[in-house]
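Undergrad: Take a look and give me a structure for this.
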Amino acid sequence: MNLRSALLAASCCMALTAHAADPQSEGTYRLPFADGTSVRVFDDFRTHRPIGRIDLYAVEGKGPYRVVAAAAGRIAAIQDGYGEKQTAHAAKDCHNNYVWIAHPNGEWTNYSHLAKGSVTHEAHLKVGDHVEAGAFLGIEGDVGCAMLKHVHFEVARPDASDPIDAGGFLQGNENGKRERNARFCSIAGGTAVKDPTYPAQPCGK
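TA: I've put the predicted structure just below:
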């Protein structure tokens with residue numbers, strides 16, 4: 001093994017160790033894109049700023065790309081009325097479209113930057129609806145603070161009495177303390193890391 005290969009191997013192992021130390025999700029989730037979609041990780045749980053979230057985008061084929069529920073649950077919040085891309089704004093000042101799903105295990109999943117109107121007019125969803133894993137939620141977009149079309153995905157354990165604010169952000173989430181590193185069923189080892197491409201498919205396949 002030459003020096004470059006050794007350094008790459010060490011870097012890989014260090015990254016895996018760092019991810020292993022992060023708080024893992026209780027649930028196991030599918031990648032939030034339609035079956036057969038190739039999904040690349042733009043930022044993972046560690047590299048995302050702020051930490052604790054994952055940015056994913058569809059590659060190959062031709063969009064629009066369908067975003068789906070990562071697990072069964074109840075639609076807890078929807079915002080899909082915005083249509084502006086706001087790359088120059090601070091995250092707290094951005095107007096993002098999003099869906100939050102509350103799962104029976106107490107964790108919630110978030111799907112942000114969805115295309116305007118795609119949740120309510122194309123997926124025909126409303127707050128309180130029950131969805132199964134793989135259910136269509138909306139279309140991958142770049143609404144709000146987004147450099148490219150992608151899905152900002154997160155798993156969190158919110159405050160049951162006061163989960164999110166008016167902008168769709170978790171309450172009481174200083175330093176990402178409510179975030180959980182998603183365990184994905186279709187990824188070897190369960191943890192998504194920056195740069196690789198993964199297949200979106202149902203759990204148990």
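
Undergrad: C-alpha only now, for contacts and for neighbours.
TA: OK.

Undergrad: low pLDDT regions in this protein?
TA: The chain contains residues with pLDDT under 70 at 1-21, 89, 91-92.

Undergrad: Quick check, central residue of it?
TA: Closest to where the C-alpha atoms of the chain average out (Cα atoms, centre = their mean) is Phe153, at 1.2 Å.

Undergrad: Show me what whichever strand or helix holds that one packs onto, helices and strands only.
TA: Counting by DSSP states H and E, the element that carries Phe153 is strand 151-156. Contacting strand 151-156 under the criterion 3 or more Cα pairs under 8 Å, 6 or more residues apart in numbering; DSSP states H and E are the following elements: strand 54-59, strand 108-112, strand 179-184.

Undergrad: Contacts only, for Gly73.
TA: Applying Cα atoms under 8 Å, 6 or more residues apart in numbering to Gly73 gives the contacts 101-104, 130-133.

Undergrad: By neighbour count, which of those wins?
TA: Ile101 (26 neighbours; other Cα atoms under 10 Å).

Undergrad: SS state for Val119?
TA: Three-state call for Val119 (DSSP: H, G, I helix; E, B strand; the rest coil): helix.

Undergrad: residues touching the residue lying closest to it once chain neighbours are set aside, list them.
TA: Leaving out its chain neighbours, the residue that sits closest to Val119 by Cα to Cα, 6 or more residues apart in numbering is Gly138, at 4.6 Å. Taking Cα under 8 Å, 6+ apart, we find Gly138 in contact with 66-68, 114-115, 118-119, 122-123.

Undergrad: circling back to that earlier point, so the residue nearest to the centre of the chain touches His113, yeah?
TA: No - using Cα atoms under 8 Å, Phe153 makes no contact with His113, being 9.7 Å away.

Undergrad: Can you give me the buried ones in stretch 70-85?
TA: For stretch 70-85, burial by neighbour count (16 or more other Cα atoms under 10 Å) applies to 70-85.

Undergrad: Restricted to strands, list the residues you listed.
TA: 73-79 (DSSP state E).

Undergrad: And the helices in the chain, which stretches?
TA: 3-21 (DSSP state H).

Undergrad: roughly how far apart are Asp129 and Ala77?
TA: Counting by Cα to Cα, to the nearest Å, the gap from Asp129 to Ala77 is 10 Å.

Undergrad: circling back to that earlier point, ok and the strand holding Phe153 relative to strand 108-112, angle-wise?
TA: Compare the direction of strand 151-156 with that of strand 108-112 by axes from the mean of the first three to the mean of the last three Cα atoms, to 10 degrees and you get 160 degrees.

Undergrad: which neighbours does strand 151-156 have in its sheet, and in what orientation?
TA: Under the criterion DSSP bridges, strand 151-156 sits next to strand 54-59 (antiparallel), strand 108-112 (antiparallel), strand 179-184 (antiparallel) in its sheet.

Undergrad: Dump these to TSV, plus mean neighbour count.
TA: Listed next are those as TSV, based on neighbours: other Cα atoms under 10 Å:
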stretch	mean neighbour count
strand 54-59	22
strand 108-112	26
strand 179-184	24
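
Undergrad: Would you tell me which of these gets closest to Phe33?
TA: strand 54-59 (7.7 Å; Cα to Cα).
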